[in-house]
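**Q** Got a predicted structure here, sequence first:
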Amino acid sequence: MFGRFGSMMGAMISAPASLFGARFALALAHRPLPADVLAFLSAPAWVARARLSAPVADASVQRPWAWRLRFGDVLGPCKGGVRFHPGVTEENLVALAARILLKCAVNDLPHGGAAGGVAIDPKTLGPVGREALARDYVRAFFDVIGPERDILSPDLGTDARLMAVMSTEYDRLARRFVPAAINGKPPGQGGVLGRHGATARGAFAVMETLLPRWDLGVAGARFSVQGFGAAGGTFAAEAVARGARVVAASDTSAALLCNAGLPVDALLAAKAAGRPLATLALPGVTVAPPDALFATRTDWLVCAALPGQVTAAVAAEVDCRGVVEIANAAVDDAGDEVLRARGVHVLPDVVVNAGGITVSHFEWVQGRTGAPLAAAEVAARLDARMRETARRLDETATAHGVPLTVAAQMMAQDRLRAACGA
Ligand code: NAD
């Protein structure tokens with residue numbers, strides 16, 4: 001069994017193909033992995049569980065379960081989020097860590113996958129309770145996390161402020177300054193400049209590298225953005241800045257449609273003020289139900305809402321050249337098949353949305369070296385890395401005659417095979 005620091009505490013939760021999904025299985029069908037690598041990928045190397053204490057505003061205390069687990073530490077120290085959410089379970093954390101492992105492998109980042117969280121609704125705690133829970137999480141798992149083992153980052157229910165709290169707690173316990181243990185901190189507290197907008201920036205670096213394979217480009221293209229939130233809104237602004245048109249945008253309240261191009265600044269201002277898209281009345285803009293966005297004629301459908309949005313039915317309805325998966329697993333397995341049959345390209349999540357995890361890696365590097373990175377340096381390094389991954393993706397897809405979704409999995413499998421020395 002591979003893995004440097006793990007004892008096999010994790011149960012064999014599921015076989016790799018079912019854990020990593022249909023695209024992974026398609027890649028395996030092209031080039032099988034040795035049995036020992038598959039066994040290594042079938043379960044996390046290490047799982048820890050603890051009971052925390054979280055003070056509730058009414059002075060009582062909750063005792064929620066918390067987890068930390070690592071998956072695939074052959075690539076380097078693992079990294080992964082800390083999720084405060086009532087739906088956290090060991091099984092969904094295993095899936096999250098596996099996804100991060102794949103994302104690091106395909107993007108050649110020197111990290112394995114980790115995940116962790118607390119099964120609690122953070123809304124039941126006040127700010128002081130959330131801070132206490134964050135400190136307790138670090139205390140519970142102090143021995144198994146750290147810059148050379150498992151690096152924490154924000155996820156659902158945690159944010160930059162809580163990461164700064166976790167970082168100070170880690171430093172207090174370690175009795176020294178260890179900024180590389182915790183990522184996603186505010187720039188003034190050891191974070192990296194340029195994190196905001198990194199996902200959209202990375203996605204465009206990938207698109208600008210890949211679109212020429214179909215004689216297409218970003219300038220002049222039409223985009224529809226499902227999920228006009230943090231990632232989708234920034235993506236739309238970047239699209240306009242690059243000379244493209246955003247012809248449709250949606251949130252849970254409505255889809256706004258305008259073939260001449262939506263006034264993206266007005267949409268961003270409304271969202272920043274907490275107003276849903278349905279409340280906007282703009283000249284020449286049609287307000288429709290959210291799912292009306294799918295049938296709108298466009299060049300690129302950008303999915304930036306939730307997993308599983310492009311089902312077989314949606315895939316049969318879309319009128320676009322390609323789908324850009326900003327949300328993880330935005331296209332489900334059946335949707336993938338229909339899009340493939342219809343010749344609609346899919347730019348896969350593991351590559352196209354990797355800007356955030358890449359900049360998070362830069363924060364770890366900055367924390368280890370002590371040399372602060374300037375914003376322009378972060379942007380330049382991000383562009384270079386994303387373009388290089390996209391170039392390799394293009395090459396792999398062409399060499400094996402497979403879609404980009406499958407080529408990405410082949411790249412990840414090759415990286416893992418090499419790291420295992422198999
Ligand atoms: P967010 O909460 O800021 O935005 C999500 C948006 O999607 C919201 O505006 C919400 O109203 C909308 N939405 C939800 N369901 C919808 C539906 N059925 N139809 C239309 N709109 C819907 O979240 P975010 O940070 O922008 O992340 C969006 C997705 O991208 C998530 O799946 C996230 O995991 C993924 N992602 C984000 C980043 C990042 O840097 N933010 C990086 C990688 C992946």
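**A** Nice, I can see it.

**Q** which residue does the stretch 51-200 of the chain bring closest to the ligand?
**A** Going by CB to the nearest ligand atom, the ligand is nearest to Thr199 of the stretch 51-200 of the chain, at 3.5 Å. C-beta: built from backbone N, CA, C; applies to glycine.

**Q** which SS class is that residue?
**A** helix (DSSP: H, G, I helix; E, B strand; the rest coil).

**Q** Could you pull up the contacting residues of it?
**A** Residues near Thr199 by CB atoms under 8 Å, 6 or more residues apart in numbering: 231, 234-235, 326, 353, 355-356.

**Q** Longest helix of this structure, counting residues only.
**A** In the chain, with assignment by DSSP state H, the single longest helix is helix 375-400.

**Q** do that one and the ligand meet?
**A** No: with CB under 6 Å from any ligand atom as the measure, helix 375-400 is seen stopping short of the ligand, the closest distance being 12.3 Å.

**Q** could you say what helices and strands that helix packs with?
**A** helix 198-210, helix 349-352, helix 355-369, helix 404-419 (3 or more CB pairs under 8 Å, 6 or more residues apart in numbering; DSSP states H and E).

**Q** What residues of that helix count as buried?
**A** 377-379, 381-383, 385-387, 389-390, 392-394, 396-397 (16 or more other CB atoms under 10 Å).

**Q** how does this protein divide into domains?
**A** 44-179, 198-342 (automatic domain parsing).

**Q** Quote the end-to-end distance of the longest one.
**A** The stretch domain 198-342 measures 31 Å between its terminal residues, going by CA to CA, to the nearest Å.

**Q** what's the average pLDDT for it?
**A** Domain 198-342 comes out with an average pLDDT of 97.

**Q** likewise the first one?
**A** This predicted structure assigns domain 44-179 an average pLDDT of 95.

**Q** can you tell me if it touches the ligand.
**A** No: with CB under 6 Å from any ligand atom as the criterion, the ligand is not reached by domain 44-179; the gap is at least 8.4 Å.

**Q** Which parts of the stretch 151-300 of the chain are strands?
**A** Using DSSP state E, counting those that start in this stretch, the strands found in the stretch 151-300 of the chain span residues 222-226, 245-250, 255-257, 286-288, 300-303.

**Q** Out of those, which gets nearest to Thr405?
**A** Thr405 lies closest to strand 300-303 among the strands of the stretch 151-300 of the chain, at 13.4 Å (CB to CB).

**Q** Render the CA-only coordinates of the helix or strand just after the closest one in PDB, please.
**A** Note on strand 300-303: by DSSP states H and E, the next helix or strand toward the C-terminus is helix 312-317. The C-alpha trace of helix 312-317 is given here as PDB (Å, rounded to 0.1, in the frame of the first residue of the first chain):
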ATOM      1  CA  ALA A 312     -29.700  14.500 -19.600                       C
ATOM      2  CA  ALA A 313     -32.900  16.600 -20.100                       C
ATOM      3  CA  VAL A 314     -31.000  19.900 -19.800                       C
ATOM      4  CA  ALA A 315     -28.200  18.600 -22.100                       C
ATOM      5  CA  ALA A 316     -30.700  17.800 -24.700                       C
ATOM      6  CA  GLU A 317     -32.100  21.400 -24.500                       C
END
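
**Q** which residues are contacting helix 312-317?
**A** 291, 294-295, 331-332, 334-339, 342, 344.

**Q** what about 10 Å?
**A** Outside helix 312-317, the residues within contact range by CB atoms under 10 Å, 6 or more residues apart in numbering are 226, 291, 294-295, 301, 303, 308, 310-311, 323, 331-342, 344, 346.

**Q** Return only those of the residues you listed found close to the ligand.
**A** Gln226.

**Q** What remains of the contacts of helix 312-317 if I keep only buried residues?
**A** The buried subset of the contacts of helix 312-317 - by 16+ other CB under 10 Å - is 226, 294-295, 301, 303, 308, 310, 323, 331-332, 334-336, 338-340, 344, 346.

**Q** Check the gap between the residue of the stretch 151-300 of the chain at minimum distance from the ligand and Cys303 for me.
**A** Residue nearest to the ligand within the stretch 151-300 of the chain (CB to the nearest ligand atom): Gly229, separated by 1.8 Å. Distance of Gly229 to Cys303, given as CB to CB, to the nearest Å: 12 Å.

**Q** where do the contact lists of these two overlap?
**A** 326-327.

**Q** Now do the nearest residue to Val206 once chain neighbours are set aside against Gly370, distance only.
**A** Spatially, and ignoring its direct neighbours in sequence, Val206 is nearest to Ala390 (4.4 Å; CB to CB, 6 or more residues apart in numbering). In this view, Ala390 and Gly370 are 31 Å apart by CB to CB.

**Q** Arg83 too?
**A** 30 Å.

**Q** show me the contacts for Ala407.
**A** Ala407 neighbours (CB under 10 Å, 6+ apart): 23, 27, 30, 106, 348, 351, 392-401.

**Q** Torsion angles phi and psi at Ala57?
**A** Backbone geometry at Ala57, expressed as degrees, to the nearest 10, gives phi -50, psi -30.

**Q** Spit out the contact partners of it.
**A** 124-129.

**Q** same thing but at 6 Å, please
**A** Residues counted as contacts of Ala57 (CB atoms under 6 Å, 6 or more residues apart in numbering) are Gly126.
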